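Asks: need a 3D model of the following:
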Amino acid sequence: MSRVVRTLTAGLIIAGALFPGVAQADVRASPEPTVTFDGAIQSMAYLGDRLYVGGDFTHAIDTAGKLVPRTRLAALDARTGRLLDWSPVADGRVRAIAATDRGVYVGGDFGSVNGLTRDNLAQIDPVTGTLAPFRHSVYGHPHAIAISGSRIYVGGTVTQIDGQPRSRLAAFDLATGALDPQWKPAAQDSVNAIVVTGDRVLLGGAFTQVNGLKNTARVAVVDPRTGAVRPSFRSTIEYAVSSLSLTGSSLYAAVAGRGGRAMALDATTGATQWTVTADGDVQSVVRVNDTILMGGHFDRICKSAAVGDKGACQEGSTTRIKLAALDPSGRLQPWLADANGVMGVEAMAASPRLGKAAAGGSFTQINGAIQRRFAQFRL
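Replies: Coordinates of the predicted model:
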C-alpha cells in the first residue's frame, strides 16, 4: 500500500468537539520484508538510508529465519530491510538513540560497550561500530538523546554527570564531548523525550515543573544555550509524556495516564490542536507526509475522551491494537496493523524522505502474521 487511504472510520474528540465518522472498510497494512529480533526494541533512529535500533535483544532474525548475533544494538538498510554489518555490543538495555554522521549516540542501562567501560552513555561510529573516546560517569539512566548544531542533549533520570549535579538533563559539546558546564535546566521528574529545533529545546516527560516554574508540566521549552524556560509555551497535559516528535508547527506527544492519548500541540504556544484518546498508554507518535502513526499498549481508540478508572472507553470505541493511523486533523484512518502482546509498541521512528515509519517493541505479530518485535511500513 503506497499511502494510507484518507477516509474516516470513527468519531473522535478533536480540538474539543465531536466529529462523526463515516464507516469505511479497514485497509490491512503489510510490513515490508525486514529482519526481526528475538528481544524487545526500545529505541530507533533513521540516518539517511540506515535505521539504528536498540533494546534488549541478543539476535536479529533474517528473512530466512536465521539467527544472527546482535547484542542490544543493530542497524539495517532502511530501503531493503537487510541487516547491516554494524554490530557493537552493549551489556544492558539501550533506551535511547540519536544518529549523525559523526556518531551514533546511545543511552540506557549498560555498563560497557564493545567490552569497554561506558556508563549508560556512549558514542559509536555509524559505519564501523567502533567505540569513540566519548566517556562520562553517569548517575541515572538516559531516556532521550537529541543532537543539534554543536551540542548533544540528554534527558532521563540523570542526577549527576562526572560528579557534577544535574537535574535529569545535561548537554555536551558535539566536537569535544565535554560536559557543558552552563546548561543546567532542572526537571522535577524524569525526562523521556527531547526535540531540538532552531532556538528551542522541547522536553517531554513525567515532570510537573522545570526550573521550579508553573505551566511547565509534562512538556516544556527551554533555551538551548542557557536552559532558561521559554514562558510563551504553556503545557496543560495532565499525564506523563513518553515521546515527542515535531513536524512543521505541530508538536506530537505520546501521553500515558488513565487510558492514553495522542496529542497535537502548537509548537510555539503549547495550545492543544487535537487529542485522540485510547484505552491504554500511547508510547510514540510520528508523522510521515499526511499520515500520523500512534503506537503503544492500547487495544481500542475511544470515540470520546470519557474513560473509566482503568482506561476503558465509556462512549464507544474502534478496535486498533497497539498501532493506529490518523490524518493531520487527528481523525482515525482505516489503516489496520494490529499488533499483539501486553506492552505492544514501545518505540517508533519516521523517515519522511523515504516515506517510511518503523515500529519496535515486544509484539510478535502484525495482523495475525509472525512479525517479531520490529516492523517497517511504507506510507
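
Asks: residues near the closest residue to Ser249 other than its chain neighbours, how many?
Replies: Among residues not flanking Ser249 along the chain, Ala267 sits closest, at 5.3 Å (C-beta to C-beta, 6 or more residues apart in numbering). The C-beta positions use only the backbone N, C-alpha and C, and glycine is treated the same way. Neighbourhood size, Ala267 [other C-beta atoms under 10 Å]: 22.

Asks: Val307 now?
Replies: 21.

Asks: who are the neighbours in contact with the residue nearest to Ser249?
Replies: 197, 202, 246, 248-251 (C-beta atoms under 8 Å, 6 or more residues apart in numbering).

Asks: same check, this time on Val113
Replies: 88-91, 106, 122, 124, 131.

Asks: redo that, cut-off 6 Å
Replies: Val113 is in contact with 88, 90, 122, 131, counting by C-beta atoms under 6 Å, 6 or more residues apart in numbering.

Asks: which one of these is nearest to Gln42?
Replies: Using C-beta to C-beta, Ala90 comes nearest to Gln42 of those, at 11.7 Å.

Asks: number of nearby residues for the closest one?
Replies: Neighbour tally, Ala90, other C-beta under 10 Å: 24.

Asks: do the same with Met263
Replies: 26.

Asks: check His143 too.
Replies: 26.

Asks: tell me which element it falls in.
Replies: Secondary structure from DSSP states H and E places His143 in strand 142-148.

Asks: could you dump the helix or strand just after that strand to PDB, C-alpha only?
Replies: The element immediately downstream of strand 142-148 (helix or strand, assigned by DSSP H and E) is strand 151-156. Presented in PDB, the C-alpha positions along strand 151-156 are these (Å, rounded to 0.1, in the frame of the first residue of the first chain):
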ATOM      1  CA  ARG A 151      25.500  20.100  21.100                       C
ATOM      2  CA  ILE A 152      24.200  16.700  22.400                       C
ATOM      3  CA  TYR A 153      21.300  16.900  24.800                       C
ATOM      4  CA  VAL A 154      20.500  14.100  27.200                       C
ATOM      5  CA  GLY A 155      17.400  13.600  29.400                       C
ATOM      6  CA  GLY A 156      16.300  10.800  31.700                       C
END
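
Asks: can you list the strands that the strand holding His143 pairs with?
Replies: Using DSSP bridges, the strands paired with strand 142-148 are strand 151-156 (antiparallel).

Asks: which residues touch the strand it pairs with?
Replies: So strand 151-156 is in contact with 140-146, 169-172, 174, 191, 194, going by C-beta under 6 Å, 6+ apart.

Asks: show me where pLDDT drops low in the chain?
Replies: Applying pLDDT under 70 to the chain flags residues 1-24.

Asks: coming back round to it: show me which of the contacts of Ala267 are buried.
Replies: The neighbour-count test (16 or more other C-beta atoms under 10 Å) marks 202, 246, 250-251 as buried among the contacts of Ala267.

Asks: which of the residues you listed sit farthest apart?
Replies: The widest separation within these (C-beta to C-beta) is 11.8 Å, between Leu202 and Ser250.

Asks: looking at the contacts of Ala267, which two lie furthest apart in space?
Replies: Leu202 and Gly248 (13.7 Å).

Asks: quick one: buried residues of whatever helix or strand Thr318 lives in?
Replies: Counting by DSSP H and E, the element that carries Thr318 is strand 317-319. Buried residues in strand 317-319, counted by 16+ other C-beta under 10 Å: 317-318.

Asks: which neighbouring elements make contact with the helix or strand following it?
Replies: Using DSSP H and E, the helix or strand that follows strand 317-319 in sequence is strand 323-326. Packing partners of strand 323-326 (3 or more C-beta pairs under 6 Å, 6 or more residues apart in numbering; DSSP states H and E): strand 291-296.

Asks: separation between the closest residue in space to Ala132 that isn't next to it in sequence and Tyr52?
Replies: Sequence neighbours aside, Gln123 is the residue nearest to Ala132 in space, at 3.9 Å (criterion: C-beta to C-beta, 6+ apart). Counting by C-beta to C-beta, to the nearest Å, the separation of Gln123 from Tyr52 is 13 Å.

Asks: neighbour count: the two, which is higher?
Replies: Neighbours were counted for Gln123 and for Tyr52 using other C-beta under 10 Å; Tyr52 has more, 26 against 22.

Asks: if I look at the more buried one, how far off is Gly103?
Replies: 11 Å.

Asks: what's the answer for Arg70, then?
Replies: From Arg70 to Gly103 the distance is 19 Å (C-beta to C-beta).

Asks: the two: which has the busier surroundings?
Replies: Neighbour count, other C-beta under 10 Å: between Arg70 and Gly103, Arg70 has more, with 26 against 20.

Asks: burial check on the closest residue to that one other than its chain neighbours, number of neighbours?
Replies: Distances taken as C-beta to C-beta, 6+ apart place Ala60 nearest to Arg70, at 4.6 Å, with adjacent residues excluded. Look at Ala60: counted by other C-beta under 10 Å, it has 24 neighbours.

Asks: now for the strand or helix carrying Ala60, which elements pack on it?
Replies: Per DSSP H and E: Ala60 is located in strand 59-61. Using 3+ C-beta pairs under 6 Å, 6+ apart as the contact definition, the elements that strand 59-61 packs against are strand 67-69.

Asks: which residues touch the strand it packs on?
Replies: 59-60.

Asks: cool, stretch 77-88 as well?
Replies: Counting by C-beta under 6 Å, 6+ apart, 32-35, 49, 51, 60, 70, 73, 75-76, 113-114, 124, 129, 354 sit against stretch 77-88.

Asks: can you check stretch 290-306 too?
Replies: So stretch 290-306 is in contact with 4, 10-11, 13, 260, 262, 277-286, 313-321, 323-326, 328, 332, 344-345, 348, 357, 359, 379, going by C-beta under 6 Å, 6+ apart.
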